[in-house]
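[1] whatever this is, show me its structure:
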Amino acid sequence: MDDSLIPKNPCLAKSVQDAKPKRGDGGRAELTLTWEDTEKIRAELPDRYKALVDCGRGLGLRQGEIFGLSPEDVDWAHPDGPMVHVQRQVVHDGSFLAYALPGAETTRTRRTGGSN
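    Below is the predicted model of the structure:
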(Lines give C-alpha, C1' and ligand atoms only; values in the text may rest on other atoms or scores of the structure.)
Protein backbone atom coordinates (compact mmCIF):
# COMPACT_ATOMS: atom_id res chain seq x y z
CA MET A 1 0.00 0.00 0.00
CA ASP A 2 2.81 2.43 0.88
CA ASP A 3 4.41 1.75 -2.50
CA SER A 4 1.06 2.23 -4.29
CA LEU A 5 1.15 -1.33 -5.61
CA ILE A 6 -2.26 -2.14 -4.11
CA PRO A 7 -5.12 0.35 -3.57
CA LYS A 8 -5.99 -0.64 0.01
CA ASN A 9 -4.81 -2.93 2.82
CA PRO A 10 -6.56 -6.33 2.49
CA CYS A 11 -5.95 -7.06 6.19
CA LEU A 12 -8.39 -4.32 7.12
CA ALA A 13 -11.31 -5.93 5.24
CA LYS A 14 -14.36 -6.75 7.38
CA SER A 15 -14.15 -10.41 6.34
CA VAL A 16 -10.69 -10.77 7.94
CA GLN A 17 -10.79 -11.77 11.61
CA ASP A 18 -8.06 -11.53 14.21
CA ALA A 19 -6.26 -14.78 15.03
CA LYS A 20 -7.38 -16.35 18.28
CA PRO A 21 -4.66 -16.95 20.88
CA LYS A 22 -3.79 -20.60 21.42
CA ARG A 23 -3.86 -20.33 25.20
CA GLY A 24 -6.81 -19.25 27.27
CA ASP A 25 -6.62 -16.17 29.46
CA GLY A 26 -5.08 -16.80 32.85
CA GLY A 27 -3.85 -20.30 32.07
CA ARG A 28 -0.48 -19.66 33.66
CA ALA A 29 -1.94 -18.11 36.81
CA GLU A 30 -4.02 -21.22 37.47
CA LEU A 31 -0.95 -23.43 37.82
CA THR A 32 0.74 -22.80 41.16
CA LEU A 33 3.09 -25.48 42.45
CA THR A 34 4.11 -25.81 46.07
CA TRP A 35 7.64 -26.74 47.12
CA GLU A 36 6.35 -30.24 47.86
CA ASP A 37 4.84 -30.49 44.35
CA THR A 38 8.16 -29.54 42.78
CA GLU A 39 9.98 -32.02 45.01
CA LYS A 40 7.73 -34.83 43.73
CA ILE A 41 8.38 -33.76 40.13
CA ARG A 42 12.13 -33.56 40.78
CA ALA A 43 12.17 -37.03 42.33
CA GLU A 44 10.69 -38.53 39.14
CA LEU A 45 13.19 -36.90 36.78
CA PRO A 46 16.45 -38.50 35.62
CA ASP A 47 19.46 -37.07 37.47
CA ARG A 48 20.57 -35.03 34.48
CA TYR A 49 17.33 -32.99 34.54
CA LYS A 50 16.97 -32.37 38.29
CA ALA A 51 18.95 -29.13 38.06
CA LEU A 52 16.17 -27.68 35.87
CA VAL A 53 13.75 -27.85 38.80
CA ASP A 54 16.37 -26.38 41.16
CA CYS A 55 17.00 -23.40 38.86
CA GLY A 56 13.31 -22.72 38.50
CA ARG A 57 12.26 -22.93 42.12
CA GLY A 58 15.48 -21.89 43.83
CA LEU A 59 16.64 -19.08 41.57
CA GLY A 60 13.29 -18.04 40.11
CA LEU A 61 14.44 -18.56 36.55
CA ARG A 62 12.02 -18.96 33.67
CA GLN A 63 12.14 -21.94 31.33
CA GLY A 64 13.94 -20.13 28.51
CA GLU A 65 16.52 -18.71 30.93
CA ILE A 66 17.21 -22.17 32.36
CA PHE A 67 17.70 -23.64 28.88
CA GLY A 68 20.06 -20.77 28.03
CA LEU A 69 22.38 -21.34 31.00
CA SER A 70 25.97 -22.36 30.40
CA PRO A 71 28.41 -23.78 32.98
CA GLU A 72 30.44 -20.58 32.56
CA ASP A 73 27.45 -18.57 33.84
CA VAL A 74 27.99 -19.88 37.40
CA ASP A 75 30.59 -17.97 39.44
CA TRP A 76 31.51 -20.49 42.14
CA ALA A 77 34.25 -18.26 43.59
CA HIS A 78 32.12 -15.14 44.21
CA PRO A 79 32.80 -13.67 47.70
CA ASP A 80 29.08 -13.72 48.62
CA GLY A 81 28.67 -17.34 47.57
CA PRO A 82 27.92 -18.92 44.20
CA MET A 83 26.32 -16.52 41.70
CA VAL A 84 24.39 -17.37 38.54
CA HIS A 85 24.59 -14.79 35.76
CA VAL A 86 21.66 -15.05 33.34
CA GLN A 87 23.05 -13.70 30.09
CA ARG A 88 20.77 -15.33 27.52
CA GLN A 89 17.53 -17.21 27.11
CA VAL A 90 16.23 -19.63 24.53
CA VAL A 91 13.26 -18.24 22.58
CA HIS A 92 11.10 -19.36 19.67
CA ASP A 93 11.84 -17.61 16.39
CA GLY A 94 9.08 -18.99 14.21
CA SER A 95 9.71 -22.73 14.13
CA PHE A 96 13.32 -22.37 15.28
CA LEU A 97 14.95 -21.92 18.68
CA ALA A 98 17.36 -19.02 19.14
CA TYR A 99 19.25 -17.20 21.88
CA ALA A 100 18.04 -13.77 23.03
CA LEU A 101 18.71 -11.41 25.92
CA PRO A 102 16.76 -12.26 29.10
CA GLY A 103 13.61 -10.15 29.27
CA ALA A 104 13.91 -6.38 29.37
CA GLU A 105 17.26 -6.48 31.14
CA THR A 106 20.58 -7.23 29.49
CA THR A 107 21.63 -9.63 32.27
CA ARG A 108 20.29 -10.85 35.59
CA THR A 109 22.29 -12.09 38.53
CA ARG A 110 20.96 -14.64 40.99
CA ARG A 111 22.60 -15.84 44.16
CA THR A 112 22.16 -19.53 44.81
CA GLY A 113 20.05 -20.22 47.86
CA GLY A 114 18.61 -16.70 47.90
CA SER A 115 17.22 -13.86 45.83
CA ASN A 116 18.91 -11.11 43.79
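
[2] so how far is Gly58 from Asp37?
    14 Å (CB to CB, to the nearest Å). From N, CA and C alone the C-beta is placed, and that goes for glycine too.

[3] check Val74 too.
    According to CB to CB, Val74 and Gly58 sit 13 Å apart.

[4] now swap in Val91 and tell me
    Where Gly58 is concerned, Val91 sits at a distance of 23 Å (CB to CB).

[5] next one: stretch 53-73 to chain centre, how far?
    Centroid displacement of stretch 53-73 relative to its chain, using CA atoms, centre = their mean, to the nearest Å, is 9 Å.

[6] and stretch 69-87, which residues are buried?
    For stretch 69-87, the neighbour count (16 or more other CB atoms under 10 Å) marks 69, 73, 75, 83-87 as buried.

[7] next, the distance between the ends of that stretch.
    8 Å (CA to CA, to the nearest Å).

[8] next one: stretch 68-88
    First residue to last in stretch 68-88 (CA to CA) measures 6 Å.
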